[in-house]
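# just a sequence and a predicted model for now, questions to come.
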Amino acid sequence: MKKFACLAVLACFLLLVAACTTPESNEALLELNDNSSFGGLMLGMTVEGMQEKLGKPDAANPINGGTEYAYHTLDLSVAVDEEQRIRRLSSKNTDFNIFAIAVGDDLEAAGNILLDNGYTRDAASGWRYNKNEVQIIMLTIDNQTIIGFSVEWLAN
């Protein structure tokens, strides 16, 4: 009985550790951060790090589970969680990119780049791609050209 209790406690601990993914332990997140440019920002970065890179944001608004910051001149939106870590980056800035995909690029070609990098396309959601706890959404108005994109770290 004692052995069973110890095993149960160990199993619960392992599940808890798996549920609390950190940026440093998420391979897909590290890969995205290494292959994207958002003015020096990365998913998982702290608000303090964000402000060191870009200065004080132009606006801050509460959102469910955190705060959304705006850098208007960069056309950049940054959502952070309650722990003050960046969870989502969204932009229409032509200077930013993910896997060398930029605003103005062909949507189909960009999707193929993401597929080649191990992402799967969400069939029910258009131009949404997922890999582990990372989600990339490409924005379009004509189903041909990228007008913006959003990257998000979906871990709890």
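Good, I have the coordinates. Residues are numbered from 1 along each chain as shown.
# can you tell me the closest non-neighbouring residue to residue 92?
residue 148 (3.6 Å; CB to CB, 6 or more residues apart in numbering). Where C-beta positions appear, they are placed from N, C-alpha and C, glycine not excepted.
# give me every residue that touches that neighbour.
Shown in contact with residue 148 (CB atoms under 8 Å, 6 or more residues apart in numbering): 90, 91, 92, 103, 138, 139.
# from those residues, which would you call buried?
The neighbour-count test (16 or more other CB atoms under 10 Å) marks 90, 91, 103, 138, 139 as buried among those.
# show me which of those is closest to residue 27.
Distance to residue 27 across these (CB to CB) is lowest for residue 138, with 21.9 Å.
# hmm, that closest one is touching residue 112, no?
No - taking contacts as CB atoms under 8 Å, residue 138 lies outside contact range of residue 112: 11.9 Å.
# residues touching residue 151, list them.
32, 36, 38, 43, 88, 89, 90, 98, 134, 135, 136, 137.
# restricted to strands, list the residues you listed.
Among these, DSSP state E puts 36, 88, 89, 90, 98, 134, 135, 136, 137 in strands.
# mind listing what the third one touches?
The neighbourhood of residue 89, defined by CB under 8 Å, 6+ apart, consists of 36, 38, 41, 43, 76, 77, 78, 79, 150, 151, 152.
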